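*Asks:* take a look and give me a structure for this.
(one chain, ligands or ions: 2)
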Amino acid sequence: MADFNTLDGVNVAGKRVLLRADLNVPMKDGVVGDTTRIDRTVPGLIELADAGAKLVVITHFGRPKGQRVAEMSLKPVADALAKQLGRPVKFADDCIGDAAASVVNSLENGEIALLENLRYHAEEEKNDPAFVAELAKLGDVYVNDAFSCAHRAHASTEGLARALPAYAGRLMQAELEALGNALEAPKHPVMAIVGGAKISTKLDLLGNLVAKVDQLVIGGGMANTFLAAKGVNVGKSLCEHDLLETAREIFKKADAANCEIVLPVDGLVAKEFAANAPHDVSDINDVASDGMILDAGPETIVDLNKRLESCETLVWNGPLGAFEITPFDTATVSVAQHAAKLTKAGKLLSVAGGGDTVAALRHADSDQDFSYVSTAGGAFLEWLEGKTLPGVAALRAK
Ligand SMILES: Nc1ncnc2c1ncn2[C@@H]1O[C@H](COP(=O)(O)OP(=O)(O)O)[C@@H](O)[C@H]1O
Ligand SMILES: O=C(OP(=O)(O)O)[C@H](O)COP(=O)(O)O
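*Replies:* Ligands and ions are numbered 1, 2, ... in the order given. Modelled structure (predicted):
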């Protein structure tokens with residue numbers, strides 16, 4: 001039995017259900033680029049709406065840092081959500097105050113509304129009690145269906161669970177069950193691939209992850225900080241130069257835990273971040289000082305695919321390159337397809353997660369063949385570390 005409150009047996013008819021979803025989806029030119037997070041949220045919303053709830057969906061989008069950044073409005077997401085639901089979605093252009101209240105008050109049983117980006121208010125990430133109270137006014141019960149945000153102790157993921165009767169949504173429940181089944185006692189050797197661009201928020205967790213896995217492949221933008229920590233010149237590549245000491249600590253922890261850290265040996269280097277930008281294959285020690293490493297190179301790809309063949313389990317968060325722009329999707333696509341092939345042949349258990357990682361696997365046409373694809377990236381890695389996730393802890397039976 002789950003050690004958190006689920007929706008089983010909860011009567012939501014006529015109640016205002018404040019549901020925290022994660023609709024932080026990849027967006028391209030103002031249009032949702034990958035609907036996985038929406039698709040996975042929809043069945044839980046339909047269950048609640050059909051049970052007669054007045055459903056108020058709240059989510060963040062991007063990192064606007066408390067500002068009303070127009071490109072981070074949820075309006076296009078409301079349209080995509082309505083399309084996937086096959087039902088109308090009312091939209092309020094603020095998540096608190098009169099704008100939110102008037103939309104919520106207009107809901108009939110079974111109707112659905114989406115409120116504007118929670119992170120337009122800096123108080124959201126601060127888990128500010130007054131902001132929690134403002135949000136709590138909009139609901140009779142709270143449902144957290146955002147497993148991919150459960151590693152954040154924010155107002156909408158943690159504070160609200162303390163302010164209202166609180167339950168795990170169906171997606172949250174399914175994610176925890178599926179990850180538990182797949183990875184509670186993973187078969188070794190275990191390889192983790194961690195790439196992507198959220199370096200500062202993911203770097204710390206790598207220090208614990210090295211104790212759980214046999215090989216840690218660091219790729220994408222994340223790799224550059226580790227390469228720089230080893231004295232490699234990464235030119236103008238995405239790199240957090242103030243985190244080099246943290247990266248060095250992780251090398252030490254990996255050594256102590258007998259975990260091999262695998263870094264790229266070559267890269268595709270371009271002078272601009274653009275599709276089809278002129279680029280060279282460069283040895284990792286010869287990156288031009290005005291160049292950016294936008295993908296792993298061919299030698300690295302061969303090495304990673306070979307390593308995968310002697311692994312039993314793969315966990316993956318974060319693409320190996322800027323996969324949205326060709327040809328910098330090459331490494332991600334190749335490794336995804338190889339892992340999918342090994343999984344299909346019954347030789348590998350593969351679990352991947354993260355908003356962009358899922359989009360990358362779809363782009364590689366490999367998502368169907370992975371053993372499990374989670375909507376979560378950072379939260380999934382923190383769960384794997386064995387950390388208590390604040391968003392889950394707050395749902396524990398009280
Ligand atoms: N070498 C790189 N340089 C710049 N950006 C990169 C690089 N490698 C990957 N990225 C970017 O990382 C982003 C995904 O990172 P992240 O958000 O951490 O993944 P996820 O959403 O799956 O957790 C993608 O937009 C991709 O373009
Ligand atoms: O996309 C998300 O996480 P992920 O990149 O780890 O998959 C979540 O929406 C959390 O977003 P955040 O990392 O800005 O808190």
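
*Asks:* need the helices for the stretch 1-150 of the chain, in chain order.
*Replies:* If DSSP state H, counting those that start in this stretch is used as the criterion, the helices of the stretch 1-150 of the chain fall at 36-50, 75-85, 97-105, 122-126, 129-136.

*Asks:* could these go into JSON lines alongside mean neighbour count, distance to ligand 1 and mean pLDDT?
*Replies:* Glycine gets a C-beta too; all of them are placed from N, C-alpha and C. Compiled in JSON lines, those are given as follows (neighbours: other CB atoms under 10 Å; distance: least, CB to the nearest ligand atom, whole Å; pLDDT from 0 to 100):
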{"stretch": "helix 36-50", "mean neighbour count": "19", "distance to ligand 1": "10", "mean pLDDT": "97"}
{"stretch": "helix 75-85", "mean neighbour count": "18", "distance to ligand 1": "16", "mean pLDDT": "97"}
{"stretch": "helix 97-105", "mean neighbour count": "15", "distance to ligand 1": "28", "mean pLDDT": "98"}
{"stretch": "helix 122-126", "mean neighbour count": "18", "distance to ligand 1": "17", "mean pLDDT": "98"}
{"stretch": "helix 129-136", "mean neighbour count": "18", "distance to ligand 1": "25", "mean pLDDT": "98"}
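
*Asks:* which one is whatever residue of the stretch 1-150 of the chain ends up closest to ligand 2 nearest to, not counting chain neighbours?
*Replies:* Per CB to the nearest ligand atom, the residue of the stretch 1-150 of the chain with the smallest distance to ligand 2 is residue 24, at 3.4 Å. Of all residues not flanking residue 24 in the chain, residue 61 sits nearest, at 5.4 Å (CB to CB, 6 or more residues apart in numbering).

*Asks:* now swap in residue 262 and tell me
*Replies:* Distance criterion CB to CB, 6+ apart; nearest residue to residue 262, sequence neighbours excluded, is residue 217 at 4.4 Å.

*Asks:* and the helix or strand harbouring that neighbour, anywhere near ligand 1?
*Replies:* Assessed by DSSP states H and E, residue 217 sits inside strand 215-218. No - contact check for strand 215-218 against ligand 1, using CB under 6 Å from any ligand atom: none in range, with a minimum separation of 11.0 Å.

*Asks:* which elements pack onto that strand?
*Replies:* Counting by 3 or more CB pairs under 8 Å, 6 or more residues apart in numbering; DSSP states H and E, the packing neighbours recorded for strand 215-218 are strand 190-194, helix 199-209, strand 260-262, helix 298-309.

*Asks:* domain-wise, how is the protein divided?
*Replies:* Using automatic domain parsing, the domain ranges for the chain come out as 16-172, 185-385.

*Asks:* kindly reformat those domains as CSV containing distance to residue 394.
*Replies:* Conversion of these to CSV gives the following (distance: least, CB to CB, whole Å):
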stretch, distance to residue 394
domain 16-172, 4
domain 185-385, 14
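
*Asks:* so which bits of the chain are right by ligand 2?
*Replies:* The interface of the chain toward ligand 2, taken as CB under 6 Å from any ligand atom, is made up of 22, 24, 63, 148-149, 152, 198, 201, 354-355, 376-378.

*Asks:* how about 8 Å then?
*Replies:* Proximity of the chain to ligand 2 is confined to 22, 24, 37, 60, 62-63, 146, 148-149, 151-152, 154, 196, 198, 201-202, 317-318, 353-357, 375-381 under the rule CB under 8 Å from any ligand atom.

*Asks:* how about low-confidence regions in this structure?
*Replies:* Across the chain, the ranges flagged by pLDDT under 70 are 1-2, 397-398.
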